[in-house]
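[1] pasted the sequence and its predicted model underneath.
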Amino acid sequence: MNENVIDEYLDKEKSYKRLKEEFEAHKKLIIAYDLDSTVFDYHNTGASYEMVKDLIRKYREYAYFIVFTSSEPDRYNEIESILQKENLPYDSINDDAPFIPFKGRKVYYNILLDDRAGLNQTYNELLKHEYPITDLVTIEKDTLSIEIILLEKYRDHLLLGLDVTLLGSKKICCKNSIRRTFTVYNK
């Protein structure tokens, strides 16, 4: 056995690369997330889980969400109330996406956010994933509005070197926002 070769998906970069390839191929991810101790303080410890909840909200337009929980179906109404109160997107609870062509006992997802299943790594992989920036059409008029999808790390260099000026730059600094409309004009 070659000790220099590790199992393929123990390599964090390989895992991230697969996630990125799946997003590029389908323009959407299937994100499963656990409820208790991942986005909800079931044990009343005072934890907020805001970082995970914010990340899930940021992917709202780019994912099909499955709440993957060990809770019994009689708790699903309570779970839906919690998710609505927290403004957390979800498409199903413990069920596959309807567009998945195969069915099995295990719910299919591209990535799982779960306090008992490598939450740190999967959270960071989703955080690292660069949201696609909407096609920035050639600016032929003096002014026009465009919609830009941004990750917080792009705030300081939003248009990444394009020769335009932003008007209303306060919108750039809106915390926890990924979609904003900006007016730009040619220099």
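    Perfect, I can see it now. Numbers count the residues shown, from 1 in each chain.

[2] alpha carbons only for contacts and neighbour counts from here, please
    Fine.

[3] going along the chain, name the strands of this structure.
    29-33, 63-67, 92-93, 111-113, 143-149, 164-167, 179-186 (DSSP state E).

[4] find the nearest non-adjacent residue to N110, please.
    I30 (5.2 Å; Cα to Cα, 6 or more residues apart in numbering).

[5] burial of D74, as a residue count?
    Counted with other Cα atoms under 10 Å, the neighbours of D74 add up to 8.

[6] look up how far E80 lies from it.
    Shown here: D74 relative to E80, a distance of 11 Å by Cα to Cα, to the nearest Å.

[7] and what of M51?
    Taking Cα to Cα, one finds M51 at 20 Å from E80.

[8] please apply the same query to H43.
    18 Å.

[9] out of these two, which sits in the more crowded spot?
    Remark: of H43 and E80, E80 carries more neighbours, 17 against 9, as counted by other Cα under 10 Å.

[10] what's the spacing between the residue nearest to V52 when sequence neighbours are not counted and R105?
    Nearest non-adjacent residue to V52, counting by Cα to Cα, 6+ apart: V39, 6.5 Å away. The gap separating V39 from R105 is 24 Å, by Cα to Cα.

[11] neighbour count winner among those two?
    With neighbours defined as other Cα under 10 Å, V39 and R105 compare such that V39 has more, 25 against 7.

[12] just the buried residues of stretch 29-44, please?
    For stretch 29-44, a neighbour-count test (16 or more other Cα atoms under 10 Å) marks 29-40 as buried.

[13] sorry, wrong one. I was asking about stretch 75-91.
    Buried residues in stretch 75-91 (16+ other Cα under 10 Å): 79-80, 83, 88-90.

[14] mean confidence for it?
    What stretch 75-91 shows for mean pLDDT is 97.

[15] what's the first-to-last distance across that stretch?
    With Cα to Cα as the measure, stretch 75-91 spans 16 Å from end to end.

[16] what lies in contact with that stretch?
    For stretch 75-91, the external contacting residues (Cα atoms under 8 Å, 6 or more residues apart in numbering) are 35, 53, 56-57, 60, 64-67, 93, 97.

[17] please repeat the previous calculation with a cut-off of 10 Å.
    Residues outside stretch 75-91 that contact it (Cα atoms under 10 Å, 6 or more residues apart in numbering): 31-33, 35-36, 39-40, 50, 53-61, 63-67, 69, 71, 73, 92-94, 97-98.

[18] separate out the buried members of those.
    Buried among the contacts of stretch 75-91 (16+ other Cα under 10 Å): 31-33, 35-36, 39-40, 53, 55-59, 63-67, 69, 92-94, 97.

[19] quick check: Y42 vs D91, distance?
    According to Cα to Cα, Y42 and D91 sit 21 Å apart.

[20] equivalent analysis for M51, please.
    21 Å.
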